[in-house]
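1. Give me a model of this one.
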Amino acid sequence: MQQNFEVMTNKELIAYALAHREEVEPLRVLYRRRIPDSEAIWFHPPQTREEEQQQFELFKRIIDKTQKNQFSQN
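-> Now for the predicted structure:
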């Protein structure tokens, strides 16, 4: 029976792909759904020491937030 991967949620699709590792189509559907730029944070090269410091502080906050999220999921 052919699965309709387009109607599956990402969670269902990931579970299916893990259970049927020999199938490529669920991975293709997952890949098409990804939106990498939606979570991206774009930075320009700092022009001054002040901008460099601001970016450094922002990097630290992002890392701290990411680590807190990872710990809370475990």
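
2. Confirm for me that Arg33 is in contact with Asn10.
-> Yes - contact criterion C-beta atoms under 8 Å: Arg33 and Asn10 qualify, at 6.6 Å. Using the backbone N, CA and C atoms, a C-beta is placed for each residue, glycine as well.

3. Pull the residues that contact the lowest-mean-pLDDT helix or strand in the chain.
-> Within the chain, no helix or strand scores below helix 49-73, which has a mean of 89 by mean pLDDT, DSSP states H and E. Outside helix 49-73, the residues within contact range by C-beta atoms under 8 Å, 6 or more residues apart in numbering are Ile41, Phe43, Pro46.

4. so how far is that helix off the chain centroid?
-> 17 Å (C-alpha atoms, centre = their mean, to the nearest Å).

5. Kindly report the same for stretch 17-30.
-> 18 Å.

6. got the contact list for it?
-> Gln3, Phe5, Glu6, Met8, Asn10, Leu13, Ile14, Tyr16.

7. if you set the cut-off to 7 Å instead, what comes out?
-> With contact meaning C-beta atoms under 7 Å, 6 or more residues apart in numbering, stretch 17-30 is reached by Phe5, Glu6, Asn10, Leu13, Ile14, Tyr16.
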